[in-house]
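*Asks:* Sharing a model prediction with you, sequence too.
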Amino acid sequence: MIKGFHHAALSTPNLRRCLKFYTEVVGCEMAYEFGWPKGSADADKVTGLLDSEAKAAMLKLGDSFLEVFEFTSPQPKLRVGERPVCDNGITHIALEVKDIQSEYKRMKSAGMTFHSEPMAQESGFMVYGRDPDGNVLELIEYT
């Protein structure tokens, strides 16, 4: 029986910068940090990689979690430019907010870039923005 979603995960080229953004700007709490050295057979088996090595952290936001990895082996491919949300794969992470206008202004003043200003929709308001690695975060307010 599937109970629900537990967490999403991101890979970043700079773990400290990413954690700073998600704790200081988004408001996540550090749940725990972990990692593994190159040559960890179990980690290679789980990830499907050869000679993997990573530092990672699990962040908590409400009842949800976000796992963030910085792989040092194998060498990750760096993303060039911003990945369009129409490309196959995970397109964004949505954060439910209260008072989207205030959150939009606060996060924008902290350096987050947005595609537009918050827009009205049938159930409330929403806006897409990008974290420091270019991942899309949606802010959504249900009214």
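*Replies:* Nice, I can see it.
*Asks:* Give me the domain ranges for this protein.
*Replies:* Recorded structural domains for the chain (assignment: automatic domain parsing) are 7-73, 93-142.
*Asks:* How about residue 44, nearest residue that isn't a chain neighbour?
*Replies:* Spatial nearest neighbour of residue 44, excluding adjacent residues (CB to CB, 6 or more residues apart in numbering): residue 52 at 5.3 Å. To be clear about C-beta, it is placed using only N, CA and C from the backbone, and glycine gets the same treatment.
*Asks:* Could you check how far the one you found is from residue 96?
*Replies:* According to CB to CB, to the nearest Å, residue 52 and residue 96 sit 33 Å apart.
*Asks:* Compare these two and say which is more crowded by neighbours.
*Replies:* Comparing residue 52 with residue 96 by other CB atoms under 10 Å, the one with more neighbours is residue 52, at 21 against 14.
*Asks:* pretty sure that one is touching residue 41, no?
*Replies:* No - counting by CB atoms under 8 Å, residue 52 does not reach residue 41; the two are 10.0 Å apart.
*Asks:* picking up where we left off before, do you know which of the domains of the chain lies nearest residue 80?
*Replies:* domain 93-142 (9.8 Å; CB to CB).
*Asks:* so how far does that closest one reach from one end to the other?
*Replies:* One end of domain 93-142 sits 16 Å from the other (CA to CA, to the nearest Å).
*Asks:* And the contacts of the lengthiest helix in the chain?
*Replies:* Secondary structure of the chain read by DSSP state H shows that its longest helix is helix 100-109. Residues outside helix 100-109 that contact it (CB atoms under 8 Å, 6 or more residues apart in numbering) are 25-26, 97, 114, 117-118, 124-127, 129, 139-141.
*Asks:* for residue 17, helix, strand, or coil?
*Replies:* Following DSSP: H, G, I helix; E, B strand; the rest coil, the label given to residue 17 is helix.
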